[in-house]
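Asker: 3D, please:
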Amino acid sequence: MIVYPAIDLRGGRVVRLVQGDPGRQTTYSDDPVSMGRRWAEGGAGWLHVISLDGTLGEAAPNLETLAQLSQVGPKVQFGGGLRTLDDVQRTIDAGAARAILGTAAIQKPDLAGEAVSRFGAEAIAIALDARGGRVATHGWKESSDWTPIELGKQMAKLGVKHILYTDIDRDGELSGVNVEATVALAKETGLAVIASGGVASLDDIRTLRASGKIAGVVIGQAIYTGAFTLQEALEVGGWGLGAGG
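Answerer: Numbers count the residues shown, from 1 in each chain. Next up, the predicted model:
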């Protein structure tokens, strides 16, 4: 199971939001590239980088920072405000190994299939962020009619392989992962599900790994607040130092 340390970008800083609320922000660094190096030195094989500026529609999606982070060492999974195939192309050109589509693919699922056809299944992930059992869009401000499993099955038919699943109600809260819903999504769709939102302890990672169904886990608040170290998370995740898929 791959462990992805998160770097959320807003206004040139590394921040964390609680439940995606811009008014509940904590800033952890003014230097995203140094933070990327920190996680690289800690053994990360991947970085999970989200442009909150792009997600929230506040600014351009931080492609310059992405280009710098892509030179740090780990592969970069990048999302935030990507709406078109051209956005995905620019993201990959800037060095991302995988681009994350969210709102655009939910509103127009065929976009996901087109992205997979053009860039390959390994280069695309779809973000299914859920609140109250429904997939949310537009920076988590609106809800769609899709359940995560319904949309996941649709994405699988379109050739999508990777899904990023976030329980919004737990994101940034250190309240524990919604293991049941995350594992159910993987079982019902056959997709490679990356769990996100609420990782509070190493036990969360152990439980996800023990399910045998989860491809990866994003960790953010827990490693920024010192609940555990990245090295510990990598070891519990089963990849060990220096690994990352």
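Asker: which sections of this protein are below the confidence cut-off?
Answerer: Scanning the chain for pLDDT under 70 picks out the ranges 19-20, 57-59, 137-142, 144, 169-175, 239-245.
Asker: which stretches of it form helices?
Answerer: Here the chain has its helices, by DSSP state H, at 32-41, 52-55, 63-69, 85-93, 103-107, 110-119, 148-157, 179-189, 202-211, 221-225, 230-237.
Asker: mind saving the C-alpha coords of the first one as CSV?
Answerer: This points to helix 32-41. Extracted in CSV, the C-alpha atoms of helix 32-41 (Å, rounded to 0.1, in the frame of the first residue of the first chain):
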residue,chain,number,x,y,z
PRO,A,32,6.6,24.0,-0.6
VAL,A,33,9.8,22.7,-2.2
SER,A,34,11.6,22.4,1.1
MET,A,35,8.6,20.5,2.4
GLY,A,36,8.8,18.2,-0.6
ARG,A,37,12.4,17.5,0.1
ARG,A,38,11.6,16.8,3.7
TRP,A,39,9.1,14.0,2.7
ALA,A,40,11.6,12.8,0.0
GLU,A,41,14.3,12.4,2.7
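Asker: from the helices of the chain, which stretch is densest packed?
Answerer: Stretch with highest mean neighbour count among the helices of the chain: helix 52-55 (a mean of 24; mean count of other Cβ atoms under 10 Å). For glycine as for every other residue, the C-beta is placed from the backbone atoms N, C-alpha and C.
Asker: what about that helix, distance to the chain center?
Answerer: From the chain centre to the centre of helix 52-55 is a distance of 13 Å (Cα atoms, centre = their mean, to the nearest Å).
Asker: Output it as PDB, restricted to C-alpha atoms.
Answerer: Presented in PDB, the C-alpha positions along helix 52-55 are these (Å, rounded to 0.1, in the frame of the first residue of the first chain):
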ATOM      1  CA  LEU A  52      -6.200  24.700  -3.400                       C
ATOM      2  CA  ASP A  53      -5.800  27.900  -5.400                       C
ATOM      3  CA  GLY A  54      -7.100  26.000  -8.400                       C
ATOM      4  CA  THR A  55      -9.700  24.000  -6.500                       C
END
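Asker: Output the contacting helices and strands for that helix.
Answerer: Here helix 52-55 touches strand 2-10, going by 3 or more Cβ pairs under 8 Å, 6 or more residues apart in numbering; DSSP states H and E.
Asker: The strand it packs on to helix 32-41, inter-axis angle?
Answerer: Here the directions of strand 2-10 and helix 32-41 differ by 170 degrees (axes from the mean of the first three to the mean of the last three Cα atoms, to 10 degrees).
Asker: Spell out which strands sit alongside strand 2-10 in the sheet and which way each one runs.
Answerer: Applying DSSP bridges, strand 2-10 is found paired with strand 13-18 (antiparallel), strand 46-51 (parallel), strand 214-219 (parallel).
Asker: Now find how far off-centre the first one is within its chain.
Answerer: This means strand 13-18. Between the centre of strand 13-18 and the centre of its chain there are 14 Å (Cα atoms, centre = their mean).
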